[in-house]
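> let's see this in three dimensions:
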Amino acid sequence: MIRVRFLDPNGDLACDAEGQEGYSLLELGQAKGMPLEGTCEGQMACSTCHVIVAAADFDRLPRASEEEEDMLDLAVGATRTSRLSCQIVLTPELDGLTVSLPSEHRDMQGR
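Numbers count the residues shown, from 1 in each chain. Model prediction:
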């Protein structure tokens, strides 16, 4: 199991979670009730699953694709360490990953 720590926009612990290798961070976050919308269901056609990766963990992630970078340009509150959670696949190398939920998000489903 891969351990992930989700922080709320204030930096407080929102959830400690464990997910299986091969699952996406989006799937894990949604299963734990995190407000990661994922409107496009992981097809990289929106930015509603945007997370901010802890600076200390960012270099452990594979590099973002050009398509992901384009979608991050649309994310509200994007930072240098922003990623789309649908594009982060849980691997043993990511055990202990910490991500923050952005203070704002774009609700594509109008909820």
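
> mind listing the strands for the chain?
Secondary structure of the chain by DSSP state E: the strands cover 2-7, 13-19, 50-53, 82-84, 97-100.

> just give me the neighbour total for residue 20.
The tally of other residues near residue 20 (other Cβ atoms under 10 Å) stands at 10. Using the backbone N, CA and C atoms, a C-beta is placed for each residue, glycine as well.

> which residue, other than its chain neighbours, is closest to it?
Spatially, and ignoring its direct neighbours in sequence, residue 20 is nearest to residue 1 (6.5 Å; Cβ to Cβ, 6 or more residues apart in numbering).

> same question, residue 13
In this structure, residue 13 finds its nearest non-sequential neighbour in residue 7, 6.2 Å apart by Cβ to Cβ, 6+ apart.

> what's across from that neighbour in the sheet?
Applying DSSP bridges to residue 7 gives these bridge partners: residue 13, residue 100.

> check the one 10 residues further on too.
According to DSSP bridges, residue 4 are recorded as the beta-bridge partners of residue 17.

> tell me the spacing between it and residue 85.
From residue 17 across to residue 85, the span is 12 Å (Cβ to Cβ, to the nearest Å).

> spit out the residues that contact these two alike.
Residues touching both residue 17 and residue 85 (Cβ atoms under 8 Å, 6 or more residues apart in numbering): residue 29.

> returning to what we had before: possible to save the strands of the chain as a markdown table with mean neighbour count?
Shown next, in a markdown table, are the strands of the chain (neighbours: other Cβ atoms under 10 Å):
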| stretch | mean neighbour count |
| --- | --- |
| strand 2-7 | 20 |
| strand 13-19 | 15 |
| strand 50-53 | 24 |
| strand 82-84 | 25 |
| strand 97-100 | 22 |
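
> mean pLDDT and distance to residue 75 added to the ones you listed, as JSON lines?
What follows is those, written out as JSON lines (pLDDT from 0 to 100; distance: least, Cβ to Cβ, whole Å):
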{"stretch": "strand 2-7", "mean pLDDT": "98", "distance to residue 75": "17"}
{"stretch": "strand 13-19", "mean pLDDT": "96", "distance to residue 75": "18"}
{"stretch": "strand 50-53", "mean pLDDT": "97", "distance to residue 75": "4"}
{"stretch": "strand 82-84", "mean pLDDT": "97", "distance to residue 75": "6"}
{"stretch": "strand 97-100", "mean pLDDT": "98", "distance to residue 75": "13"}
